[in-house]
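Undergrad: Everything below, folded, please.
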Amino acid sequence: MLRLEHLTLTQGGFALSADLSVATGSKLALIGPSGAGKSTLLNLIAGFSAPDQGRVLWQDADLTDLPPGQRPVSILFQDNNHFPHLTIAQNVGLGLRPDLKLSEDEQRQVREALHHVGLSGMEGRKPGTLSGGQQSRAALARVLVQKRPLILLDEPFAALGPALKVEMLQLVDQVVQETGGTLIMVSHQPEDAKAIASHVSVVAGGTVTAPIATDQLFANPPQALRDYLGG
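TA: Model prediction:
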């Protein structure tokens with residue numbers, strides 16, 4: 001279980017607080033207006049930002065003071081974070097070893113991950129030669145090789161067309177189910193949350209609500225969500 005225990009962060013005029021639990025194996029969507037703190041919350045979980053107070057706990061282990069590389073977290077950003085001068089295989093291999101001195105077994109893991117996301121035979125290509133969907137698949141392959149139980153999505157598929165975005169969300173859903181991972185995804189679109197999320201938290205007004213079952217939330221949305229959706 002992921003536990004955000006009395007977590008607070010203040011930056012200038014911005015403030016965010018969260019006190020909630022995310023069950024192991026669940027898929028949580030964070031939904032709310034731009035600037036409300038959805039990406040900030042992911043950064044707190046991943047260790048890229050430090051809270052003013054509170055703790056981040058995973059399976060009762062305190063992660064709060066650990067650097068990002070020592071946390072059981074993989075994160076997909078909006079730009080996929082590919083290095084343009086490296087091949088797709090090398091970009092995926094960075095998930096295993098930053099120095100890219102991969103053993104034969106690690107190279108096999110990279111090939112298997114690329115095969116899993118439908119990119120077999122593209123190991124030697126550079127990111128710039130791939131379509132947006134293929135670049136997203138390669139970024140997901142890097143998450144696969146890391147084999148970390150917490151997967152965070154910061155709208156990595158926002159630039160894709162509707163059909164391709166649905167395809168990528170379905171692939172993420174498949175990966176999470178196969179690995180038994182726990183997913184937390186930022187979304188501006190209710191359709192994205194409804195597609196794969198088991199639970200939703202609303203981020204608005206400086207607070208993050210406790211997770212609510214997706215069907216239940218949209219059947220009876222709280223005022224903050226109604227304000228965001230405009231109805």
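Undergrad: CA atoms of the helix or strand harbouring residue 186 as CSV?
TA: When secondary structure is defined by DSSP states H and E, residue 186 falls within strand 182-187. As requested, the backbone C-alpha atoms of strand 182-187 are provided in CSV (Å, rounded to 0.1, in the frame of the first residue of the first chain):
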residue,chain,number,x,y,z
THR,A,182,0.2,0.0,-8.7
LEU,A,183,-0.7,2.8,-11.1
ILE,A,184,-1.2,6.5,-10.5
MET,A,185,-2.0,8.6,-13.5
VAL,A,186,-2.6,12.3,-14.1
SER,A,187,-5.5,13.1,-16.3
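Undergrad: which neighbours does that strand have in its sheet, and in what orientation?
TA: Sheet pairing of strand 182-187 (DSSP bridges) gives strand 27-31 (parallel), strand 150-154 (parallel).
Undergrad: List the residue ranges of the protein that fall below the pLDDT cut-off.
TA: 231 (pLDDT under 70).
Undergrad: most remote residue from it's center?
TA: No residue in the chain has its C-alpha farther from the mean C-alpha position than residue 104, which lies at 28.7 Å (CA atoms, centre = their mean).
Undergrad: Quick one: the helices in this protein, in order.
TA: Counting by DSSP state H, one finds helices in the chain at the ranges 38-46, 88-93, 104-116, 132-146, 162-179, 190-196, 214-219, 223-229.
Undergrad: give me every residue that touches residue 187.
TA: Residues touching residue 187, when contacts are defined by CB atoms under 8 Å, 6 or more residues apart in numbering, comprise 29-31, 155, 193, 197. C-beta coordinates here come from the backbone N, C-alpha and C atoms, glycine included.
Undergrad: Identify the farthest-apart pair in those residues.
TA: Taking CB to CB as the measure, these reach their widest spread between 155 and 197, a distance of 13.5 Å.
Undergrad: ok, these two, which is more surrounded?
TA: Relative neighbour count places residue 197 above the other of residue 155 and residue 197, with 26 against 19, counting by other CB atoms under 10 Å.
Undergrad: Thought residue 215 was touching that one, still the case?
TA: No. If you go by CB atoms under 8 Å, residue 197 and residue 215 don't touch, sitting 10.2 Å apart.
Undergrad: Just give me how far stretch 121-133 sits from the chain centre.
TA: Stretch 121-133 sits 22 Å away from the centroid of its parent chain (CA atoms, centre = their mean, to the nearest Å).
Undergrad: contacts for that stretch?
TA: With contacts defined as CB under 8 Å, 6+ apart, stretch 121-133 is touched by 80, 82-89, 91, 110-111, 114, 134-135, 138, 159-160, 164, 167-168.
Undergrad: List the buried residues of that stretch.
TA: 122-123, 127, 130, 133 (16 or more other CB atoms under 10 Å).
Undergrad: And stretch 66-80, by the same measure?
TA: 71-76, 80.
Undergrad: from those, which ones fall inside strands?
TA: Cross-referencing these against strands under DSSP state E gives 73-76.
Undergrad: Thank you, goodbye.
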